[in-house]
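Chemist: I need the structure of the sequence given here:
(one chain, ligands or ions: 3)
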Amino acid sequence: MSLRIGEWVVSSSSRAPRALVLELTTSCNLSCAHCFRRAVGIEGRHAPLDMVELVAEQCRELGIERVTLSGWGEPTTYPRFLDAVWMLRDAGVEVAVNTNGIALARIASELVEARVSEVILSVDAFSPETYSAIRGARLEAVEEGLDQLRNERESRGCRRPRVVTHFVVTRLNVGELRNFPEFAKRFAVSKLEISHLVPLNRFMERELACFSDPSCIEELERVSSEISKYMFSHYYEITIPRSRPSVERRCPYAAKQAAFVRVDGAVAPCIFYAHPSTHSFNFVERRVNPVIFGRVDEGLDRVWTKPSYIEFRARAALSIMPSCLDCHLAPYCEPTRSNEKDCWGNSPTCSHCPYSHRLATCPL
Ligand code: SF4
Ligand code: SF4
Ligand code: SF4
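Modeler: Residues are numbered from 1 along each chain as shown. Ligands and ions are numbered 1, 2, ... in the order given. Okay, here's the model as predicted:
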């Protein structure tokens, strides 16, 4: 299958994804104020264990290198979470876990034993008061887990898993970033990844989003420049989101040749297009309908090489689509109200994806 663009013919030699994001569950042990999962009414359910086995088998057969346990729920609430980790590790796969950290103390020892490569910790504050205001939980529980993880690593002389902090910046917590260097030092965190919030509606964009408030953007620039100096000189990594759409776009999933496996075995191109949702940018609300190319039980290689998926990936990888987030017609444009189609005739389309503009980042 190839894609013709004028005189150019683009083809892919990729037979299977190199990376997966696997959704073990859509349930969670927290109830955060800004939770997208609850707001769009996603019900809590767990993936059948035989589906996880099938994914692990296919990873072995197809040489899939990395699986990130993440999705629209908290993976550690999956009743067979550690079995799932071991199945994937036994299949020779690098495993990363994206977690809110509440259950980390209980599983830290086994994560080290299984040589999990990364714990991606979603945390929105480094002071107990702000953390509990946002998440309705105790930061101490997360800190205990991080302590436990560091102790386990040290006692076994292991460098893995490294800890990456994923921080969704809003007007409520932008100042909290100043406390990150202290947090990183205390818990041996290697990297800070900052993302803007993807607001579900105009209200969230007006009240919470940092990118729609010039003073918050200024504060984000100030604080990230302050902490970057410290972090670079102490060999920490940091990624800072853009606060405005830009000409350069890059689909993070296409760039890493990654696919998303939903809790029910459906295969989506990314986390953003896995479940129905809504989002708002420049106060234009849009509906996201799930984009599904097949199911795990068809074989991930078969799904990956379907012409429709190859064409979709090529367009996402090369940004062969219009850009709605900085289009002055967006407030009047009907196609931009959903991901069903765009003004160039692409269907479905990624033309208003905040991840490709690097406004938001997704752990994968
Ligand atoms: S940890 Fe994530 S999934 Fe769970 S309630 Fe909070 S925002 Fe929602
Ligand atoms: S461009 Fe965005 S919406 Fe499209 S596949 Fe990539 S991450 Fe998903
Ligand atoms: S679909 Fe086209 S006209 Fe409409 S907002 Fe997007 S880029 Fe602009």
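
Chemist: What residues does the stretch 1-150 of the chain have near ligand 1?
Modeler: 28, 30-32, 35, 37, 73-74, 100 (C-beta under 6 Å from any ligand atom). To be clear about C-beta, it is placed using only N, CA and C from the backbone, and glycine gets the same treatment.

Chemist: And those, which is closest to ligand 2?
Modeler: Arg37 (17.6 Å; C-beta to the nearest ligand atom).

Chemist: returning to what we had before: return a ChimeraX selection command for the buried portion of the residues of the stretch 1-150 of the chain next to ligand 1.
Modeler: Applying 16 or more other C-beta atoms under 10 Å to these, the buried members can be selected in ChimeraX as follows:
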select :28,32,35,37,73,74,100
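
Chemist: Save the residues of the stretch 1-150 of the chain next to ligand 1 as JSON lines, and put in secondary structure, distance to ligand 3 and pLDDT too.
Modeler: Output for these, formatted as JSON lines (DSSP: H, G, I helix; E, B strand; the rest coil; distance: C-beta to the nearest ligand atom, whole Å; pLDDT from 0 to 100):
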{"residue": "Cys28", "secondary structure": "coil", "distance to ligand 3": "33", "pLDDT": "93"}
{"residue": "Leu30", "secondary structure": "coil", "distance to ligand 3": "35", "pLDDT": "91"}
{"residue": "Ser31", "secondary structure": "coil", "distance to ligand 3": "35", "pLDDT": "85"}
{"residue": "Cys32", "secondary structure": "coil", "distance to ligand 3": "31", "pLDDT": "84"}
{"residue": "Cys35", "secondary structure": "coil", "distance to ligand 3": "28", "pLDDT": "81"}
{"residue": "Arg37", "secondary structure": "helix", "distance to ligand 3": "27", "pLDDT": "81"}
{"residue": "Gly73", "secondary structure": "coil", "distance to ligand 3": "31", "pLDDT": "95"}
{"residue": "Glu74", "secondary structure": "coil", "distance to ligand 3": "34", "pLDDT": "96"}
{"residue": "Asn100", "secondary structure": "coil", "distance to ligand 3": "34", "pLDDT": "97"}
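
Chemist: Pull up the residues of this structure that are close to ligand 2.
Modeler: So the chain meets ligand 2 at 251-254, 269-270, 272-273, 316, 350, 353, 355-356 (C-beta under 6 Å from any ligand atom).

Chemist: Would you list the buried entries among these?
Modeler: Taking 16+ other C-beta under 10 Å as the criterion, what is buried in those is 251-254, 269-270, 272-273, 316, 350, 353, 355-356.

Chemist: Could you export the residues you listed as JSON lines, including pLDDT and secondary structure?
Modeler: Formatted as JSON lines, those follow (pLDDT from 0 to 100; DSSP: H, G, I helix; E, B strand; the rest coil):
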{"residue": "Cys251", "pLDDT": "97", "secondary structure": "coil"}
{"residue": "Pro252", "pLDDT": "96", "secondary structure": "helix"}
{"residue": "Tyr253", "pLDDT": "98", "secondary structure": "helix"}
{"residue": "Ala254", "pLDDT": "96", "secondary structure": "helix"}
{"residue": "Pro269", "pLDDT": "98", "secondary structure": "coil"}
{"residue": "Cys270", "pLDDT": "98", "secondary structure": "coil"}
{"residue": "Phe272", "pLDDT": "96", "secondary structure": "coil"}
{"residue": "Tyr273", "pLDDT": "97", "secondary structure": "coil"}
{"residue": "Ala316", "pLDDT": "95", "secondary structure": "helix"}
{"residue": "Cys350", "pLDDT": "97", "secondary structure": "coil"}
{"residue": "Cys353", "pLDDT": "97", "secondary structure": "coil"}
{"residue": "Tyr355", "pLDDT": "97", "secondary structure": "coil"}
{"residue": "Ser356", "pLDDT": "96", "secondary structure": "coil"}
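
Chemist: between those residues, which is nearest ligand 1?
Modeler: Distance to ligand 1, by C-beta to the nearest ligand atom, is smallest for Phe272 among these, at 14.7 Å.
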